[in-house]
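Trainee: Coordinates only, no sequence provided:
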């Protein structure tokens, strides 16, 4: 699943600039359309079912429950898997606080069905509590319109922690990690036949300690492998082994905005990469109004083999403190414009308080104080 590639033959700066000029007009239109389609109130996913909108739980699971129970509040199921299996479109399953372990082949949750437009299938923590799911979560192609919300998701390193191959999945308001055990925290789509991630929303999460640095640059926070129309908005990232957001090799039409990315050590890369291989080239992806800082390579860069992406753009980001270049467009394949190089001035980086101080110049460009 993980494709390692060396940054391809270095193309001249003149060629890169020509490519950038050709891409800019199309990319600007793409970014504006993406922003317009992303409502502030819902993050692009409108929960229209009354249960999800009101926080009402249709069925329940708890670590002290039993799978032979009917899934009521007083008699909950035991496993997250049983809860998901019993939910129907338009229902919300609530996990009581506590730990839920893998039940089969490393999976703590493997959906075999989803919801539909206007009637999502939702798995969330019980209000006021936090469920901890330890293992791999998979949303396969047959499980569209699935939402995961308010969870702590902890991969075990035996595979990518969250795998999404479906349409219109959403992951919101969760803490996502594999505690440095290895593999990526999230993979979106596959070029190996599992399916593409289409219309996925990743919003308001905290990604941390994703991947093992012993795997060099192969483990990422969000590995956007084969996708269309992904939205990655309002998240905070730190301590990613490889790249924080890795567009490779066939990410199409992604929109990445209002995130805070701390690419500092122990990462070996830490930033955002637009990339492709001999068969595919990620194209039409927009990265704007993010704070991207302290990458161990470049904060924003690209790498291609035979195919070079088109329509990618990085604009109006605040970048700072990369070990190499803050923005390295020397391999081409993406346009740049309106980015600011300035110290972020986080409230307390050591304590992972990534709000921007009032004195931060980044605020005038990215338009926010805190990610979200």
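Mentor: Great, that's in hand. Just so we're clear, the structure is a prediction, and the values are computed from it rather than from any experiment. Numbers count the residues shown, from 1 in each chain.
Trainee: Let me see the contact set for residue 340.
Mentor: 316, 317, 318, 319, 361, 362, 364, 365 (C-beta atoms under 8 Å, 6 or more residues apart in numbering). Using the backbone N, CA and C atoms, a C-beta is placed for each residue, glycine as well.
Trainee: Can you pull out the low-pLDDT segments for the stretch 151-300 of the chain?
Mentor: Segments of the stretch 151-300 of the chain classed as low confidence (criterion: pLDDT under 70) are not present in this model.
Trainee: tell me the contacts of the residue minimising distance to the centre of the chain?
Mentor: Ranked by distance to the mean C-alpha position of the chain (C-alpha atoms, centre = their mean), the top residue is residue 222 at 4.5 Å. The contact partners of residue 222, taken as C-beta under 8 Å, 6+ apart, are 184, 185, 186, 188, 202, 207, 232, 244, 245, 246.
Trainee: Show me the beta-bridge partners of it.
Mentor: With DSSP bridges as the criterion, the beta-bridge partners of residue 222 are residue 186, residue 245.
Trainee: Can you tell me how far it is from residue 87?
Mentor: Computed with C-beta to C-beta, to the nearest Å, the distance linking residue 222 and residue 87 is 26 Å.
Trainee: And for residue 133?
Mentor: Counting by C-beta to C-beta, the separation of residue 133 from residue 87 is 15 Å.
Trainee: of the two, who's got more company?
Mentor: When neighbours are counted by other C-beta atoms under 10 Å, residue 133 and residue 87 differ, and residue 133 comes out ahead with 25 against 22.
Trainee: Verify the stated contact: that one with residue 97.
Mentor: No - the criterion here is C-beta atoms under 8 Å, and residue 133 misses it with residue 97 at 11.8 Å.
Trainee: Tell me how many other residues crowd residue 68.
Mentor: As a burial measure, the neighbour count of residue 68 was computed by other C-beta under 10 Å and equals 9.
Trainee: what does residue 254 give?
Mentor: For residue 254, the neighbour count with other C-beta under 10 Å is 28.
Trainee: If you drop the residues flanking it in sequence, what lies closest to residue 263?
Mentor: Counting by C-beta to C-beta, 6 or more residues apart in numbering, residue 263 lies nearest to residue 270, which is 2.3 Å off, once chain neighbours are set aside.
Trainee: try residue 95
Mentor: Counting by C-beta to C-beta, 6+ apart, residue 95 lies nearest to residue 131, which is 3.5 Å off, once chain neighbours are set aside.
Trainee: And for residue 101?
Mentor: residue 134 (5.3 Å).
Trainee: now residue 239: how far from residue 208?
Mentor: Computed with C-beta to C-beta, the distance linking residue 239 and residue 208 is 5 Å.
Trainee: Show the contacting residues for the nearest residue to residue 185 once chain neighbours are set aside.
Mentor: Nearest in space to residue 185, with sequence neighbours left out and distances taken as C-beta to C-beta, 6+ apart, is residue 210 at 3.8 Å. Applying C-beta under 8 Å, 6+ apart, one finds that residue 210 lies in contact with 161, 176-178, 180, 184-185, 219-221, 237, 239-241.
Trainee: again, 10 Å this time
Mentor: Residue 210 makes contacts with 155, 160-161, 176-186, 219-223, 237-242, 244, 267, as judged by C-beta atoms under 10 Å, 6 or more residues apart in numbering.
Trainee: In strands, which of the residues you listed fall?
Mentor: Using DSSP state E to define strands, the subset of the contacts of residue 210 located there is 176, 177, 186, 222, 223, 237, 238, 239, 240.
Trainee: which residues of the stretch 51-200 of the chain fall in helices?
Mentor: Under the criterion DSSP state H, counting those that start in this stretch, the stretch 51-200 of the chain contains helices at 80-86.
Trainee: hey, where'd the strands end up in it?
Mentor: Taking DSSP state E, counting those that start in this stretch as the criterion, the stretch 51-200 of the chain contains strands spanning 59-61, 92-95, 98-101, 107-110, 121-125, 131-134, 136-139, 146-149, 152-154, 162-164, 170-172, 175-177, 186-188, 197-198.
Trainee: contacting residues around the fourth one?
Mentor: What that stands for is strand 107-110. Residues external to strand 107-110 that are found in contact with it (C-beta under 10 Å, 6+ apart): 79-81, 83-85, 95, 99-104, 123, 132-140, 143, 146, 148, 151, 153-156, 158-159, 161-163.
Trainee: run the last query once more with 7 Å
Mentor: Strand 107-110 is contacted by residues 80, 81, 84, 100, 101, 102, 133, 134, 135, 136, 137, 138 when judged by C-beta atoms under 7 Å, 6 or more residues apart in numbering.
Trainee: and those, which are buried?
Mentor: Buried members of those, scored by 16 or more other C-beta atoms under 10 Å, are 80, 81, 84, 100, 102, 133, 134, 135, 136, 137, 138.
Trainee: just those residues: which has the poorest pLDDT?
Mentor: Least confident of the buried ones among the contacts of strand 107-110 in the model: residue 102, at 89.
Trainee: Quickly note the distance from that one to residue 108.
Mentor: Distance from residue 102 to residue 108, by C-beta to C-beta: 5 Å.
Trainee: same question, residue 312
Mentor: Spatial separation of residue 312 from residue 108 under the definition C-beta to C-beta is 35 Å.
Trainee: Neighbour count for the two, which is higher?
Mentor: Per other C-beta under 10 Å, whichever of residue 312 and residue 108 has more neighbours is residue 312, with 31 against 25.
Trainee: How about that one: what's its closest non-neighbour residue?
Mentor: Across the structure, with C-beta to C-beta, 6+ apart as the measure, the residue nearest residue 312 apart from its sequence neighbours is residue 334 (3.7 Å).
Trainee: Which residues are in contact with that neighbour?
Mentor: Contacts of residue 334 were listed using C-beta under 7 Å, 6+ apart, and they are 23, 274, 302, 309, 312, 313, 314.
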